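Chemist: quick one, fold the following:
(chains A and B)
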Amino acid sequence: GENVEQHPSTLSVQEGDSAVIKCTYSDSASNYFPWYKQELGKRPQLIIDIRSNVGEKKDQRIAVTLNKTAKHFSLHITETQPEDSAVYFCAASSSNTGKLIFGQGTTLQVKP
Amino acid sequence: DVKVTQSSRYLVKRTGEKVFLECVQDMDHENMFWYRQDPGLGLRLIYFSYDVKMKEKGDIPEGYSVSREKKERFSLILESASTNQTSMYLCASTSHRDEKLFFGSGTQLSVL
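Modeler: Modelled structure (predicted):
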């Protein structure tokens, strides 16, 4: 079945710096790659997603890139702010199964 | 806004007890999911359902069962709770037309 590996497990940056979180997936049939943000004590919420027919997608300070050949995708956050501090999860699914499989999560700390 | 409601925020049970975790969504979503969240392991899929009375095993179904008698309700059942089932349980739903997951606020289950 699908397996998603996420790195790093923790990431600490200074406010204003960029943060990058990387994920790899195993199932070449995967075609949908969302990112979820979970603030402390709250439920995960979708922040951005990308499909396999697109290499990059951007929404204000966040962007996601996808390399289908290497089977990895990354989340980029620019000009980080303290409110970006949270746990971030990548995930992958294929239309064949409909299952969304998550990575292990990255705890991002943005220091003021 | 989509509302996914989990019946309990915190639950304490004894080893061997039968435990029911309830989830209700109000957006007529076809798909519903149960995940458990453990530090360092991310969100792991237990069971999911594409429609009423349908269920599919996720990656860690052992020790769990599910019930979907009505479209809006998806129940997770621990037949005989064990201490290694102490965890945060998250319910989620989505429609066939959109892969965006909407999560409930979670149930923190402690099995003593």
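Chemist: relative to residue A:48, how far out is residue A:4?
Modeler: According to C-beta to C-beta, to the nearest Å, residue A:4 and residue A:48 sit 16 Å apart. (Each C-beta comes from the backbone N, C-alpha and C, glycine too.)
Chemist: the two: which has the busier surroundings?
Modeler: Applying other C-beta atoms under 10 Å in any protein chain shown to residue A:4 and residue A:48 shows that residue A:4 carries more neighbours, namely 24 against 18.
Chemist: tell me where the chain has strands.
Modeler: Picking chain A for this. With strands called from DSSP state E, chain A shows them at A:4-7, A:10-14, A:19-25, A:32-38, A:45-51, A:56-59, A:62-67, A:72-77, A:86-92, A:101-102, A:106-111.
Chemist: hmm, no, I was thinking of chain B.
Modeler: Using DSSP E, the strands of chain B run over residues B:4-6, B:10-13, B:19-25, B:31-38, B:42-49, B:56-57, B:64-70, B:73-78, B:87-94, B:102-103, B:107-111.
Chemist: those: which one's closest to residue A:22?
Modeler: Evaluated over the strands of chain B, closeness to residue A:22 peaks at strand B:42-49, with 14.4 Å, by C-beta to C-beta.
Chemist: wait, does that closest one contact chain A?
Modeler: Yes: counting by C-beta under 8 Å from any C-beta of the partner chain, chain A has neighbours in strand B:42-49: B:42-45, B:48.
Chemist: for that strand, packing partners?
Modeler: strand A:86-92, strand A:101-102, strand B:31-38, strand B:56-57, strand B:64-70, strand B:73-78 (3 or more C-beta pairs under 8 Å, 6 or more residues apart in numbering or on different chains; DSSP states H and E).
Chemist: could you redo those strands as JSON lines and give each row distance to residue B:85, mean pLDDT and mean neighbour count?
Modeler: What follows is the helices and strands packed on strand B:42-49, written out as JSON lines (distance: least, C-beta to C-beta, whole Å; pLDDT from 0 to 100; neighbours: other C-beta atoms under 10 Å in any protein chain shown):
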{"stretch": "strand A:86-92", "distance to residue B:85": "21", "mean pLDDT": "97", "mean neighbour count": "25"}
{"stretch": "strand A:101-102", "distance to residue B:85": "19", "mean pLDDT": "92", "mean neighbour count": "24"}
{"stretch": "strand B:31-38", "distance to residue B:85": "8", "mean pLDDT": "95", "mean neighbour count": "23"}
{"stretch": "strand B:56-57", "distance to residue B:85": "16", "mean pLDDT": "92", "mean neighbour count": "14"}
{"stretch": "strand B:64-70", "distance to residue B:85": "8", "mean pLDDT": "97", "mean neighbour count": "16"}
{"stretch": "strand B:73-78", "distance to residue B:85": "6", "mean pLDDT": "97", "mean neighbour count": "20"}
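Chemist: how about the residues of chain A that lie near chain B?
Modeler: So far as C-beta under 8 Å from any C-beta goes, chain A lies against chain B at A:1, A:6, A:9, A:32, A:34, A:36, A:42-46, A:49, A:89, A:91, A:93, A:98-105.
Chemist: report the buried members of those residues.
Modeler: Buried subset of the residues of chain A next to chain B (neighbour count, 16 or more other C-beta atoms under 10 Å in any protein chain shown): A:6, A:32, A:34, A:36, A:43-44, A:49, A:89, A:91, A:93, A:98-105.
Chemist: give me every residue that touches residue B:100.
Modeler: Residue B:100 makes contacts with A:34, A:46, A:49, B:94, as judged by C-beta atoms under 8 Å, 6 or more residues apart in numbering or on different chains.
Chemist: what's the closest of the strands of chain B to residue A:57?
Modeler: strand B:87-94 (19.4 Å).
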